[in-house]
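Engineer: Requesting a structural model of the entry that follows:
(one chain, ligands or ions: 1)
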Amino acid sequence: MTESIALNVLLPAVPEQRWSCHSCSDCCRTLVGHLFDNERRFIQAQSWPELGVEPVAFAHGRWLLNKRPDGACVFLDDQNRCRIHTRFGEARKPIACRMFPFSIRPVTGGWQASLRFDCPSVISSNGEPLWRHKSWLSDLAQRLPRGREMRDRTRLQSRLTGTPEELDAITARFSRLFEDASNLLDMRLRIAAKATATLRQAKLVNVRGNRFAELLDLIVTGMASDVTKIPDRPTPRQSGMLRQLAFAHAEHVTLQELQAGWWGSARKRFQQLRRARAFLRGTRTVPLRTDGGGSPTFETVDTIVPDTTTNKLVSELISRYIITRLAGRSVFGAGYYDWPVLDGLDALWLSISCVGWFSRFFAACRARERFEFSDVAKALGVVDRAVTRLPALGTRSERARILYLALDDGPARLLNKYALTT
Ligand code: SF4
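Structural biologist: Residues are numbered from 1 along each chain as shown. Okay, here's the model as predicted:
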């Protein structure tokens, strides 16, 4: 069922996060553009001799903007401009292209927007405050099929549904933790991981409403003195499973793979499994499809350390990322594969460890001994591109992996091993 009534769009209220498009064309080169049927019909009704190939492609049951062999959208011209935009104006561009880097999902009475960090202008927080984008985003949202109304019944613990106030208390308390720059980033991450572990042990059924908010405050504040001790090294199994989690974030599908029916095929699954095993073992060359420009071994990746001169920049970026994810409610419940709060929170802390692993990987690809801010920015782009968008990350087996890693101080140990600052 589709609706086109004006509904409110909730934007993440993060004053330090800004964005405007600076036409770098990264999104046109890396993403797969989905088309609605009316968009596909409009494009096909025009003549595009300059493209030299079909303007649209059908793959995996969806119509998509076609790609050039180098992976760029066929409509991207030599001046980095969109040919649809040039010929017919912005309003004729597909909604998927116009909406990027925002994602929206239906919530009661409106839409919840979240922001993607695989856009350089989002990473550098370059442009207008987010609230300035509300009007055009609302216009676009009205044209989207709303589908099934999502009733957010986020669980705090199994069989215990959180009230909106309790869920607000969680996002507000963890946001405050990451806004407070008086603690080092790694310390704040450790506090967050340890507080989540403590919440897992609490009988939350006995602590509801305001008392829940008070308990949360008490736990997070109390952790500050508890995390000065450096966590133990992760076990080989914890490290291996973290590497597998990083691998799962990097498995982006290309249009060519979709068209070849290769994605989801038995051969593909077999190859994926082989590479996932290699990530678990963590020996020899990293078998990664992501273009890092080199072929380091797992052992080399683990020797890379942060560049001390970029601590401040990295701390600001990662804190802003976490706050924006919390504010956009893309951490748990309907915003994150319908996962319970604590599983979603642990997935968030562990995804930062994945950013730490990828930062080291990108530096190792260029034979550097230290990773730089640009490596962290690229790593965050890879991880965030997958989060909430790759169905594989929301499967039962991924949740089982997060639950396993959440045991035995796993998130704190891994955040320490793959620390982003010194
Ligand atoms: S990646 Fe971001 S800045 Fe670059 S063209 Fe796309 S939306 Fe604009």
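
Engineer: Secondary structure element holding the residue in the stretch 151-300 of the chain positioned nearest to the ligand?
Structural biologist: Distances between the stretch 151-300 of the chain and the ligand by Cβ to the nearest ligand atom are smallest at residue 252, namely 15.2 Å. Placement of C-beta: from N, CA and C, glycine included. Using DSSP states H and E, residue 252 maps to neither a helix nor a strand.

Engineer: In this structure it contacts residue 384, no?
Structural biologist: No: contact between residue 252 and residue 384 fails when scored by Cβ atoms under 8 Å: they sit 11.8 Å apart.

Engineer: Comparing these two, which residue is more hemmed in?
Structural biologist: When neighbours are counted by other Cβ atoms under 10 Å, residue 252 and residue 384 differ, and residue 384 comes out ahead with 25 against 17.

Engineer: Could you check how many residues crowd around the residue lying closest to the more buried one once chain neighbours are set aside?
Structural biologist: When the adjacent residues along the chain are set aside, residue 384 lies closest to residue 117, with 4.0 Å between them (Cβ to Cβ, 6 or more residues apart in numbering). Here the neighbour count serves as a burial measure; for residue 117 (other Cβ under 10 Å) it reads 23.

Engineer: pLDDT at residue 6, what is it?
Structural biologist: The model reports residue 6 with a pLDDT of 60.

Engineer: no, scratch that, I was asking about residue 411
Structural biologist: Per-residue confidence (pLDDT) for residue 411: 97.

Engineer: measure it to residue 172 for me?
Structural biologist: 21 Å (Cβ to Cβ, to the nearest Å).

Engineer: These two: which is more packed in?
Structural biologist: Neighbours per residue (other Cβ under 10 Å) separate residue 411 from residue 172, with residue 411 holding more: 30 against 15.

Engineer: Show the contacting residues for that one.
Structural biologist: With contacts defined as Cβ atoms under 8 Å, 6 or more residues apart in numbering, the neighbours of residue 411 are 193, 196, 197, 346, 349, 350, 353, 405.

Engineer: Find the helix or strand that it is a member of.
Structural biologist: helix 410-417.

Engineer: Doesn't residue 379 belong to a helix?
Structural biologist: Yes: looking at residue 379 with DSSP: H, G, I helix; E, B strand; the rest coil, it is inside a helix.

Engineer: That one against residue 353, yeah?
Structural biologist: No: shown here, residue 379 and residue 353 do not form a contact pair, counting by Cβ under 8 Å, at 10.8 Å.

Engineer: higher neighbour count, those two?
Structural biologist: When residue 379 is set against residue 353 and neighbours are counted by other Cβ under 10 Å, the residue ahead is residue 353, at 31 against 26.

Engineer: tell me the secondary structure for the more buried one?
Structural biologist: Relying on three-state DSSP, one would call residue 353 helix.

Engineer: The spatially closest residue to residue 381 that is not a sequence neighbour: neighbour count?
Structural biologist: Here the nearest residue to residue 381 in space, its sequence neighbours aside, is residue 118; by Cβ to Cβ, 6+ apart that works out to 4.1 Å. The burial metric for residue 118, expressed as a neighbour count using other Cβ under 10 Å, is 23.

Engineer: What separation do you get for residue 118 and residue 88?
Structural biologist: Applying Cβ to Cβ, the value for residue 118 to residue 88 is 27 Å.

Engineer: Residue 267 too?
Structural biologist: Using Cβ to Cβ, we find residue 267 at a distance of 41 Å from residue 88.

Engineer: Which of those two has more residues huddled nearby?
Structural biologist: Neighbour comparison, residue 267 and residue 88: the larger count goes to residue 88, with 14 against 8 (by other Cβ under 10 Å).

Engineer: pLDDT value on residue 3, please?
Structural biologist: According to the model, residue 3 scores 41 on pLDDT.

Engineer: Are we agreed that residue 9 is in a helix?
Structural biologist: No: the assignment for residue 9, made by three-state DSSP, is strand rather than a helix.

Engineer: Which residues are in contact with it?
Structural biologist: Counting by Cβ under 8 Å, 6+ apart, the residues that residue 9 touches are 104, 110, 111, 112, 113, 134, 137, 138, 141.

Engineer: okay if I get the contacts of residue 411 as JSON lines plus pLDDT, secondary structure and distance to the ligand?
Structural biologist: Listed next are the contacts of residue 411 as JSON lines, based on pLDDT from 0 to 100; DSSP: H, G, I helix; E, B strand; the rest coil; distance: Cβ to the nearest ligand atom, whole Å:
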{"residue": "193", "pLDDT": "96", "secondary structure": "helix", "distance to the ligand": "31"}
{"residue": "196", "pLDDT": "97", "secondary structure": "helix", "distance to the ligand": "32"}
{"residue": "197", "pLDDT": "95", "secondary structure": "helix", "distance to the ligand": "36"}
{"residue": "346", "pLDDT": "98", "secondary structure": "helix", "distance to the ligand": "29"}
{"residue": "349", "pLDDT": "98", "secondary structure": "helix", "distance to the ligand": "27"}
{"residue": "350", "pLDDT": "98", "secondary structure": "helix", "distance to the ligand": "26"}
{"residue": "353", "pLDDT": "98", "secondary structure": "helix", "distance to the ligand": "25"}
{"residue": "405", "pLDDT": "97", "secondary structure": "helix", "distance to the ligand": "31"}
